[in-house]
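Engineer: generate coordinates for the sequence data below:
(3 chains)
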Amino acid sequence: MSNISDWMRFKSQSVADELVEINARQFLRENISGFGMKGRVVELLGELKAALFPSLYEREMENADYLSSQVLDRLNTATRLLNGIIKDVLMNKCQLEKKGSCHGAECAQRADTMTVEFMESLGEIRRMLTQDIKAAYEGDPAALYTEEILLSYPSVEAVSVYRMAHQLFVMGLPLVPRIMTEYAHQLTGIDIHPGAQIGEHFFIDHGTGVVIGETCVIGKNVKLYQGVTLGAKSFELDENGNPIKGVKRHPNIEDNVVIYAGATILGGDVTVGHDSVIGGNVWLLSSVPPYTKVYNATPKPIINTMAGDGEQE
Amino acid sequence: MSNISDWMRFKSQSVADELVEINARQFLRENISGFGMKGRVVELLGELKAALFPSLYEREMENADYLSSQVLDRLNTATRLLNGIIKDVLMNKCQLEKKGSCHGAECAQRADTMTVEFMESLGEIRRMLTQDIKAAYEGDPAALYTEEILLSYPSVEAVSVYRMAHQLFVMGLPLVPRIMTEYAHQLTGIDIHPGAQIGEHFFIDHGTGVVIGETCVIGKNVKLYQGVTLGAKSFELDENGNPIKGVKRHPNIEDNVVIYAGATILGGDVTVGHDSVIGGNVWLLSSVPPYTKVYNATPKPIINTMAGDGEQE
Amino acid sequence: MSNISDWMRFKSQSVADELVEINARQFLRENISGFGMKGRVVELLGELKAALFPSLYEREMENADYLSSQVLDRLNTATRLLNGIIKDVLMNKCQLEKKGSCHGAECAQRADTMTVEFMESLGEIRRMLTQDIKAAYEGDPAALYTEEILLSYPSVEAVSVYRMAHQLFVMGLPLVPRIMTEYAHQLTGIDIHPGAQIGEHFFIDHGTGVVIGETCVIGKNVKLYQGVTLGAKSFELDENGNPIKGVKRHPNIEDNVVIYAGATILGGDVTVGHDSVIGGNVWLLSSVPPYTKVYNATPKPIINTMAGDGEQE
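Structural biologist: Numbers count the residues shown, from 1 in each chain, chains lettered A, B, ... in the order given. Below is the predicted model of the structure:
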């Protein structure tokens, strides 16, 4: 008998017990989401995206009635999945807070109300996405068809998921909205916190490396390029050295602002006035008035024959 | 009966109808790609990548004949998938342009020709990729085996897909090449427009955040690092405020150029001469002659004891 | 009969033969990993991550015993997969080095030892990840629950995979550790070389675009933000123009250092002293002592009414 068979027969149980014990200490005892929540949320997103954009996700469309029945199926599946997710999260949270004395009926009732409210918001979310897609088409000379935006722009993926997650965030559902936008971050490199407020006709070109913090407020008709950070300055710690949660930490961007690649705007007390343009790589820590153009002094790169070092591998 | 069951029985149909109607307005009426095109293109790419790099995608290889039969299977599946995709896209486009009077035969004939032309270009594409993989090996001290490049470098994924998408772009196929490179962008963080022209022996190290615009022309033996943008300056709008499409907007990079991390080179009238080196974070808006080294003045960071703010969260 | 059927019947075989021949030249003859290694490694990672974090990957948990049996299953499956992978890689490498005279027994024995050693290290790896998750919670005001970190922070994904890959790298297994961290790079935009040494209580916020090079040495309680590069200066070439492998090329970061977004630190002779803070976008090519704060002079962006160019599309 090989070493390996022996190890699996006689030793792996103790590693399993060790892993279970470590997990129990950090997560299993005070667990709001229960098991497998990430997978459940990803499954839900699949159904919701298919309901919003059937031409992307369905393979056949014989006629309008058939299409409508496909969308109806997606919506009903999403309703069931979302209702289960909300119920589990609310009841687990309630059990923890009431130390086990949650009877469930009130939480279940609240979950039903939230589920219906969310599902009925999908039409409005889809209308906003229509504007977002138009913004992309108007903002990129490389796009020849509106359809091209839908089929291939990461902004559509990231902003669709953000708009749904934001709705759930506003309704007060914990954990789930963040799982949603982080899933979109994984697909697109665009990291939008579900708490951010973003107006209509919004477009992010290319997108990789964009970060939009929790307490950002972004107006209508704003355009961002790759690598833009709308972040926080250094944050306050409480007496235990933990960061204080829930403070306004991220900037306000008013209507019709364009922010070019790699710009960094930091701080909850910073407002970029409407119709302004922030140039590439600008590092901005204070407010600017409307109709302002902010750009770095043109750097004078040193131009030389071959020598020197300092390059990155 | 629960709220939720009631909602699904009596209300969700109206949300479905609303979503179908919004989709009909923006996409379904003037739809070139038809339904499910993104999934079809991803499936096609799976077959093509397996044909190009069988050791990556096949799990067994008994002998050379068996390998050849696996590659043949992949090629024939890809041929069928690609032919269906091209046919649908060309005919839908023709129907739209001729307002429904496309009879299909000419489009089908053109689709067949394009399919065969593409499939016969795969040998040449694979030969170029051999050079690209050598470029990676020669360009990274961390790579101990050429095989390591194939197994783990995102540059191989991004450039393989780009070279195939570029071939279809040059042949005039709309929409599909862009879906292909955006899929590679999702996997790698490297965003290469299929219209860009890139010479042989090309390597992108690390890669996250790289953007290469539609009208870039890149020579042979060029190396890029993560976060490099080869982009456009602000673009012209037409009388309706829409960007004018099809103008040369992105730079030319000649042979043997190295561009370090985070450098940004913008504009269709900018040429980086051959055998030049562009340093990290350089912001370049004008041409430089051959054999030039461009780098930022060494910044003098302010070094201090602990105090101050301005940091990003 | 269509062009396409004809082509598949009479011509595609020659393209298949061409592709097989090109692959044979570059990879098949001197192949260490064999076929399908990438897929095998991804499958292994799935089992290992489920064993480390069962609440993420299992959908049901009736009681503690059932959970333990699920983890045991995952561990045993991972053991079998890892053992097969290590055996194949060691034996293929040995065959190549001994030109076919490897008899296998010694390699198999070594593979068994490495497999057991790795599996027994999982408890310690999981304990380190507990600290890493605490570091994330303490480092981000947006995180309301520790559980939120586990469910949605890319740092957990990237660092979990890195800690496992590093263990295999230290044990001397070629190729596989790099495939592992590159898979995490694909999911998170965080590119950590498995050779890097990283102390406990480590956190990367947002993460997209982070690069940590092979010979970095990072202390305890370090925090990085998105877009940080810990890289190499330009490297030495040997007499054939190939980079010299195995040299210390990347910086040392001591305990309790924070490095903000977009900072770039390059060179094997650079040490950032403990308890230092490196500001956003700093470009650092030399060492700094402990308790130092390094930041760029506040740039004075030029603020203007609307005019000018130089923006990126």
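
Engineer: quick one: the closest residue to residue A:144 other than its chain neighbours and residue B:238, what's the gap?
Structural biologist: Excluding its sequence neighbours, the residue lying closest to residue A:144 (CB to CB, 6 or more residues apart in numbering or on different chains) is residue B:245, at 6.2 Å. No exception for glycine: its C-beta is placed from N, CA and C like everyone else's. Counting by CB to CB, to the nearest Å, the gap from residue B:245 to residue B:238 is 9 Å.

Engineer: helix, strand or coil for the residue nearest to residue A:144?
Structural biologist: Three-state assignment for residue B:245 (DSSP: H, G, I helix; E, B strand; the rest coil): coil.

Engineer: confirm that residue A:163 sits in a helix.
Structural biologist: Yes - under three-state DSSP, residue A:163 falls within a helix.

Engineer: quick one: which helix or strand includes the nearest residue to residue A:60 once chain neighbours are set aside?
Structural biologist: Spatially, and ignoring its direct neighbours in sequence, residue A:60 is nearest to residue B:35 (6.1 Å; CB to CB, 6+ apart). Element membership of residue B:35 [criterion: DSSP states H and E] is none; it lies in no helix or strand.

Engineer: quick revisit: more neighbours: residue B:245 and residue B:238, which one.
Structural biologist: residue B:245 (13 against 9; other CB atoms under 10 Å in any protein chain shown).

Engineer: check contacts around that one.
Structural biologist: By CB atoms under 8 Å, 6 or more residues apart in numbering or on different chains, residue B:245 lies in contact with A:141-144.

Engineer: for the residues you listed, which one is nearest chain B?
Structural biologist: Using CB to the nearest CB, residue A:141 comes nearest to chain B of the contacts of residue B:245, at 3.8 Å.

Engineer: hmm, that closest one is touching residue B:231, no?
Structural biologist: No - at 11.5 Å, residue A:141 does not count as touching residue B:231 under the criterion of CB atoms under 8 Å.

Engineer: more neighbours: those two, which one.
Structural biologist: Set residue A:141 next to residue B:231 and count neighbours by other CB under 10 Å: residue B:231 wins out with 26 against 21.

Engineer: pLDDT at that one, what is it?
Structural biologist: Looking at residue B:231, its pLDDT stands at 94.

Engineer: distance check, it against residue B:214.
Structural biologist: In terms of CB to CB, residue B:231 sits 10 Å off from residue B:214.

Engineer: what is in contact with these two at once?
Structural biologist: Going by CB under 8 Å, 6+ apart, residues that sit against residue B:231 and also against residue B:214 are residue B:250.

Engineer: for the stretch 1-150 of chain A, which segments are assigned as helices?
Structural biologist: A:3-6, A:12-23, A:37-52, A:54-57, A:64-97, A:105-120, A:122-139, A:146-152 (DSSP state H, counting those that start in this stretch).

Engineer: any chance of those in TSV, plus mean pLDDT, mean neighbour count and distance to chain B?
Structural biologist: Formatted as TSV, the helices of the stretch 1-150 of chain A follow (pLDDT from 0 to 100; neighbours: other CB atoms under 10 Å in any protein chain shown; distance: least, CB to the nearest CB, whole Å):
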stretch	mean pLDDT	mean neighbour count	distance to chain B
helix A:3-6	90	16	21
helix A:12-23	93	19	26
helix A:37-52	97	20	6
helix A:54-57	89	21	5
helix A:64-97	93	19	4
helix A:105-120	96	18	4
helix A:122-139	94	19	4
helix A:146-152	89	22	4
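
Engineer: could those helices go into a markdown table alongside distance to residue C:291?
Structural biologist: Putting the helices of the stretch 1-150 of chain A into a markdown table (distance: least, CB to CB, whole Å) gives the following:
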| stretch | distance to residue C:291 |
| --- | --- |
| helix A:3-6 | 50 |
| helix A:12-23 | 34 |
| helix A:37-52 | 40 |
| helix A:54-57 | 53 |
| helix A:64-97 | 41 |
| helix A:105-120 | 49 |
| helix A:122-139 | 46 |
| helix A:146-152 | 49 |
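
Engineer: distance to chain C added to the ones you listed, as JSON lines?
Structural biologist: Below are these laid out as JSON lines (distance: least, CB to the nearest CB, whole Å):
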{"stretch": "helix A:3-6", "distance to chain C": "4"}
{"stretch": "helix A:12-23", "distance to chain C": "4"}
{"stretch": "helix A:37-52", "distance to chain C": "6"}
{"stretch": "helix A:54-57", "distance to chain C": "22"}
{"stretch": "helix A:64-97", "distance to chain C": "9"}
{"stretch": "helix A:105-120", "distance to chain C": "18"}
{"stretch": "helix A:122-139", "distance to chain C": "9"}
{"stretch": "helix A:146-152", "distance to chain C": "15"}
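
Engineer: neighbours of whichever residue of the stretch 201-313 of chain A sits closest to chain B, how many?
Structural biologist: Residue of the stretch 201-313 of chain A nearest chain B, by CB to the nearest CB: residue A:232 (3.4 Å). Residues within reach of residue A:232, counting by other CB under 10 Å, total 25.

Engineer: which two of the contacts of residue B:245 have the greatest separation?
Structural biologist: Greatest spatial distance in the contacts of residue B:245: A:141 and A:144, 9.4 Å, computed using CB to CB.

Engineer: so what's the nearest residue to residue A:110 once chain neighbours are set aside up against?
Structural biologist: Residue nearest to residue A:110 in three dimensions, not counting chain neighbours: residue A:90, with 6.0 Å by CB to CB, 6+ apart. The neighbourhood of residue A:90, defined by CB under 8 Å, 6+ apart, consists of A:107, A:110-111, A:173.

Engineer: up against chain B, what does the stretch 151-300 of chain A have?
Structural biologist: Proximity of the stretch 151-300 of chain A to chain B (CB under 8 Å from any CB of the partner chain) is limited to residues A:151-154, A:187-189, A:206, A:208-209, A:213, A:226-227, A:229, A:231-235, A:249, A:261-262, A:264, A:266, A:280-281, A:285, A:296, A:298-300.

Engineer: pull out the buried residues from the host helix or strand of residue A:169.
Structural biologist: Assigned by DSSP H and E, residue A:169 belongs to helix A:154-170. Residues A:154-169 are the ones in helix A:154-170 that count as buried (16 or more other CB atoms under 10 Å in any protein chain shown).

Engineer: closest one to residue A:117 out of these, please.
Structural biologist: Taking CB to CB as the measure, residue A:117 lies nearest residue A:167 of these, at 8.4 Å.

Engineer: what parts of the stretch 101-250 of chain A come near chain C?
Structural biologist: So the stretch 101-250 of chain A meets chain C at A:140-141, A:174-175, A:178-179, A:181-182, A:185-186, A:189, A:191, A:193, A:195, A:205, A:208-209, A:211, A:213-214, A:225, A:227, A:229, A:231-232, A:235, A:241-247, A:249 (CB under 8 Å from any CB).

Engineer: good, wrapping up.
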